[in-house]
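# Here is the input, now give the coordinates:
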Amino acid sequence: MHARRRTKALLSAVLVTAAVAIPAATITAPAGAAPSYTITSTAPADGIDGVAYSHTFTGSPTGATYAVTNGTLPDGLTLDAATGILSGTPTTPGTATGIAVTATWTDPYTAITAGGGHTCGILTSNGSVDCWGDNDDGQADDQIGAVIATDTQTFDLTINATTATISGTVTAETGGAPLAGIRVRLLNGTTGIATVATVATDAADAADAAGNYTLPGLAPTGTYRLRFADTANGLYATEYNGNATKFNLTPVIAVTAGATTITDAALATAAAPLPWAVIGTANAALALTTTPR
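Predicted coordinates:
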């Protein structure tokens, strides 16, 4: 019995290191650097409206909890406090700015001793000793695990629209001058028949006719090719994207939801038409016989 009391007294003396009354406060005798926590994962990537999204916050040491401490997550996304997983299906395109996610890590005690007027524990991270009291019955109170460290990551998160865009500039193959008034036909499919949209490059009478065109609102899953034709003047040869002269030789344009794919074209000068002449006399049915020179 006496031996147990002496052992307890010696342990208390080792941890407290002074034979004084312990006030109702925390006394720390650090044995190393103060505990710290760092978020090590990169900032969340942008998402796409209507497409499942997931990002995991991680850090060191492990075991932190996570919370949004500033800003608002995009509609449809939630943060799991225990796992640090930001997930869901975004429902509204746009950019959420100034989002702050704070990780809170609690440094636990690995060894506890208690006396008539105090409790002491050793921190896991650095071996420092914390003592607090008065605990008349030698119990450990809510100071256990109260040493914490935090880190905050601030970022913007953009939810892109589900549609894609193709745009570019049409120029002359020789000299590189921009061509206005070129008809750009968007073909969706493998036959070249299904026309999704037709637009013209900058109007010929525009002051800044720069040969630009834009085809927005495209489904990311589409199979797209472009046909460029000088239907107004016939001065330039009709071509497809990739400088192809035939549809079946035209490469498919890959598009990405929320992004713009640049597809430029350089049109060759149209070949001069063959000279023709009418020889003979029209019959009663006005049928003509033509012969090339």
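# low-scoring pLDDT stretches of the stretch 51-200 of the chain, where are they?
By pLDDT under 70, the low-scoring segments of the stretch 51-200 of the chain are 114-117, 125, 132-147, 189-199.
# got a list of what Tyr224 touches?
Counting by C-beta atoms under 8 Å, 6 or more residues apart in numbering, Tyr224 touches 166, 186-188, 196, 218, 252-253, 255. In this view, the C-beta of every residue, glycine as well, is placed from N, C-alpha and C.
# Just the buried ones from these?
166, 186-188, 218, 253, 255 (16 or more other C-beta atoms under 10 Å).
# mind listing which of the residues you listed are in helices?
With DSSP state H as the criterion, helices contain none of those.
# Would you point out the most distant pair within these?
With C-beta to C-beta as the measure, no two of the buried ones among the contacts of Tyr224 lie farther apart than Leu187 and Val255, at 13.4 Å.
# Where do the helices of the stretch 51-200 of the chain begin and end?
Counting by DSSP state H, counting those that start in this stretch, the stretch 51-200 of the chain forms no helices at all.
# roughly how far apart are Thr171 and Gly121?
Taking C-beta to C-beta, to the nearest Å as the measure, Thr171 falls 75 Å from Gly121.
# Of the two, give the one with the bigger neighbour count.
Taking other C-beta atoms under 10 Å, Thr171 and Gly121 do not tie; Gly121 has more neighbours (24 against 19).
# Pull out the buried positions in stretch 45-52.
47-50.
# same question, stretch 94-113
Those would be 96, 99, 101-107, 109, 113, for stretch 94-113 by 16+ other C-beta under 10 Å.
# Looking at the residues you listed, spot the one nearest Ser36.
For the buried residues of stretch 94-113, the nearest to Ser36 is Trp105 (8.5 Å; C-beta to C-beta).
# bridging residues for the closest one?
Ala149 (DSSP bridges).
# I appreciate the help and will end here.
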